[in-house]
Each structure stands twice: as C-alpha cells, then as structure tokens.
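> sequence-free structure coming up:
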C-alpha cells in the first residue's frame with residue numbers, strides 16, 4: 001500500500017519469469033595435482049608390499065604404517081576443505097532456490113483450500129441431486145437404502161446424471177430379480193428379505209436359507225425319533241387291566257401274571273405267609289438256611305420277587 005492506503009496492483013507471475021538462468025558457470029575447471037599424487041602412490045606402493053616385511057623388522061613395519069596413515073589422512077582432509085570451498089557457491093544457490101520453491105508451495109496450498117472448498121460444495125450439490133433422482137426412480141419404495149448401492153464415482157464431474165440414473169435402475173432390476181428368486185424359499189421368505197436388504201448379496205442369503213432349511217429338517221427328524229421311541233416303549237403299570245389294579249396291596253401276587261401268582265402263593269404257603277395263614281406277631285431272630293429248589297424260570301422270578309417283598313435277603317448261586 002501507499003501513503004493513501006490504496007492497494008498497489010501486483011503483477012501476476014509468468015512461467016517465463018521463473019525460468020532459472022545461470023549467467024556464469026565453470027564446470028571441471030578445478031586444477032589440482034590429485035592425479036599426479038595418485039600416480040605417485042601407485043608407483044610407490046610395491047615398496048610397501050607385505051612380502052617386504054617380516055617379524056625381524058616389526059619396527060620398520062610400524063613406521064611405514066604410520067607414514068601411510070598420515071599421508072592418507074592429510075590427503076583426505078585437504079580434499080574435504082577444497083570440497084567445502086568449491087561447493088560453497090552451489091550451496092548458496094541451492095538454498096535460495098529451495099526457499100523460493102517453499103514460498104511458491106505455500107501460496108499453492110492456500111489457493112488449494114479455496115479449490116477444495118468449491119469441489120466439496122459441488123459434490124454436496126450433486127449428492128442432493130442424486131438423492132432426489134433415487135427417490136424419483138423408486139429406491140425408497142423398493143425398501144433399499146441409497147447408501148447400499150452408492151458409488152463414490154457418481155460425485156466425479158466426469159460422471160453424468162444420465163449414467164447414474166442408468167446404473168441405479170440396473171441395480172433395482174437386479175434387486176427385484178433376486179427377491180423373486182428368494183420366493184422359492186417361501187417358508188423363510190420374510191426373514192430372507194430382511195437379510196438380503198442388509199447386504200444385497202444373493203449368494204450369501206441363499207446359503208443362509210439352506211442353513212435354516214437344514215436346521216428345520218434336523219429338528220423334524222429328532223421329533224420323529226422321539227415319537228417313534230415313545231410309541232415302541234412298553235406300557236406302564238398304570239396302564240394294566242382294572243382287574244390287576246384292584247388286587248389288594250398285601251396279596252402275594254405283587255402284579256405278577258397268573259402262573260407267577262400261583263407260584264408265589266405256593267411259596268407263601270410253604271413259608272406260612274399265605275393270605276389265610278395267621279401272621280407271626282413277634283418274628284424270631286434272623287437266621288440263614290439253605291434250600292435246593294427245582295422250578296421254572298418264571299417260578300424262580302416269582303420266588304425272588306416274593307422274597308424281596310417280604311424283606312428276605314437271599315443269594316443266587
């Protein structure tokens with residue numbers, strides 16, 4: 001600004017103004033005796049070959065080693081000093097150029113914020129337009145969220161609204177076809193529709209449908225097995241004939257069939273425990289006796305049942 005606070009117009013930069021020009025440069029003009037020194041060393045080194053030393057002259061070996069190390073260090077130190085001096089002008093030149101590039105990039109960064117803000121505004125406007133287009137086509141009516149079929153490339157300036165409309169319609173047709181396919185799983189259709197609309201993956205949804213079917217079939221087989229097992233089970237005592245249920249609780253039959261009841265009654269008569277025999281009021285102390293009994297399998301079963309009901313302990317040999 002000037003004294004009147006009026007902005008002074010600044011001319012725009014031109015690319016030609018930023019073209020780097022070196023008005024004077026001399027490359028390879030450094031004149032040294034480096035090559036002569038190298039040649040001298042090459043011609044002299046055979047003198048210092050390891051074959052010329054032995055344990056008898058270790059002192060000379062140490063002296064020569066120190067001499068060569070000192071020569072190498074002196075030569076390299078001189079090279080470093082010359083290099084710094086020689087590169088000083090280039091270092092200054094490099095620093096100036098780097099600083100200038102930094103200033104330009106800083107300006108570019110500030111301008112880029114404006115460009116990106118405009119790009120973001122344009123993308124938001126286009127997204128709103130795409131959302132309205134999706135509503136018009138019937139995305140909501142299909143029960144599908146626009147985000148499920150969204151593609152970020154739609155926001156590119158190179159992508160036209162016409163191509164976006166074509167792509168959305170194609171996706172809706174695919175979705176409708178997939179839902180029609182799922183109708184073949186009528187029993188689980190409602191569940192499958194919800195799952196499909198979450199991922200829009202027909203193959204995954206069909207796999208899930210098959211899993212539901214397999215689980216249902218496995219459960220049905222399990223129920224059939226239980227029913228068959230219940231049907232083949234023997235009848236319980238509660239299902240016995242009324243005549244059997246009406247027998248006195250203290251009779252010697254204990255729910256046996258007629259043959260077994262006869263055998264049990266006979267054994268009861270032998271032991272003096274038949275229905276008509278007087279009961280011993282004061283039983284004597286328990287003792288052990290051995291009997292050799294000949295009977296049928298059924299009679300043995302009746303005898304063992306009877307003895308058990310009377311509290312008699314026995315052992316079968």
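Structure received. What you see is a predicted model; the values in this text were computed from it and never measured.
> Contacts for stretch 183-192, please.
Stretch 183-192 is contacted from outside by 182, 205-206, 208-209, 212-213, 216, using CB atoms under 8 Å, 6 or more residues apart in numbering. Where you see a C-beta, it was placed from the backbone N, CA and C, and this is true even at glycine.
> hmm, 7 Å instead?
182, 205, 208-209, 212 (CB atoms under 7 Å, 6 or more residues apart in numbering).
> First-to-last residue distance for that stretch?
Stretch 183-192 has an end-to-end distance of 9 Å (CA to CA, to the nearest Å).
> Now do the buried residues in it.
Buried residues in stretch 183-192, counted by 16 or more other CB atoms under 10 Å: 185, 188, 192.
> model confidence over whichever strand or helix holds residue 102, on average?
Applying DSSP states H and E as the criterion places residue 102 in helix 58-137. On average, the pLDDT along helix 58-137 is 92.
> Which other helices and strands does it contact?
helix 161-182 (3 or more CB pairs under 7 Å, 6 or more residues apart in numbering; DSSP states H and E).
> The helix it packs on: which residues count as buried?
For helix 161-182, using 16+ other CB under 10 Å, the buried residues are 164, 168, 171-172, 175, 178-179, 182.
> Adding distance to residue 83, write these out as a markdown table.
Below are those laid out as a markdown table (distance: CB to CB, whole Å):
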| residue | distance to residue 83 |
| --- | --- |
| 164 | 63 |
| 168 | 67 |
| 171 | 67 |
| 172 | 72 |
| 175 | 72 |
| 178 | 73 |
| 179 | 77 |
| 182 | 78 |
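> what's the closest of those residues to residue 24?
residue 164 (60.3 Å; CB to CB).
> Next, the contact list for the closest one, please.
By CB under 7 Å, 6+ apart, residue 164 lies in contact with 130, 133, 154.
> which among the buried residues of stretch 183-192 gets closest to residue 67?
Of all the buried residues of stretch 183-192, residue 192 has the smallest distance to residue 67: 92.3 Å, by CB to CB.
> How much space separates that closest one from residue 219?
Counting by CB to CB, to the nearest Å, the gap from residue 192 to residue 219 is 19 Å.
> Could you do residue 92 as well?
Here the distance between residue 92 and residue 219 works out to 87 Å (CB to CB).
> try residue 62
Remark: distance between residue 62 and residue 219 (CB to CB) = 96 Å.
> got it, and residue 130?
To residue 219, residue 130 is 47 Å away according to CB to CB.
> what about the two, which has more around it?
Each of residue 130 and residue 219 has its neighbours counted (other CB atoms under 10 Å); residue 130 has more, 20 against 10.
> Now do the same contact list for the more buried one.
Residue 130 makes contact with 154, 164 under the criterion CB under 7 Å, 6+ apart.
> could you redo the last one with a cut-off of 8 Å?
Counting by CB under 8 Å, 6+ apart, residue 130 has contacts 146, 154, 161, 164.
> thinking again about what came up before, how about TSV for the buried residues of stretch 183-192, with secondary structure, distance to residue 35 and pLDDT added?
Shown next, in TSV, are those (DSSP: H, G, I helix; E, B strand; the rest coil; distance: CB to CB, whole Å; pLDDT from 0 to 100):
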residue	secondary structure	distance to residue 35	pLDDT
185	coil	89	86
188	helix	90	88
192	helix	86	91
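> just the residues you listed now: which is nearest residue 305?
Among the buried residues of stretch 183-192, residue 188 lies closest to residue 305 (CB to CB), at 56.3 Å.
> Distance of the closest one relative to residue 93?
According to CB to CB, residue 188 and residue 93 sit 77 Å apart.
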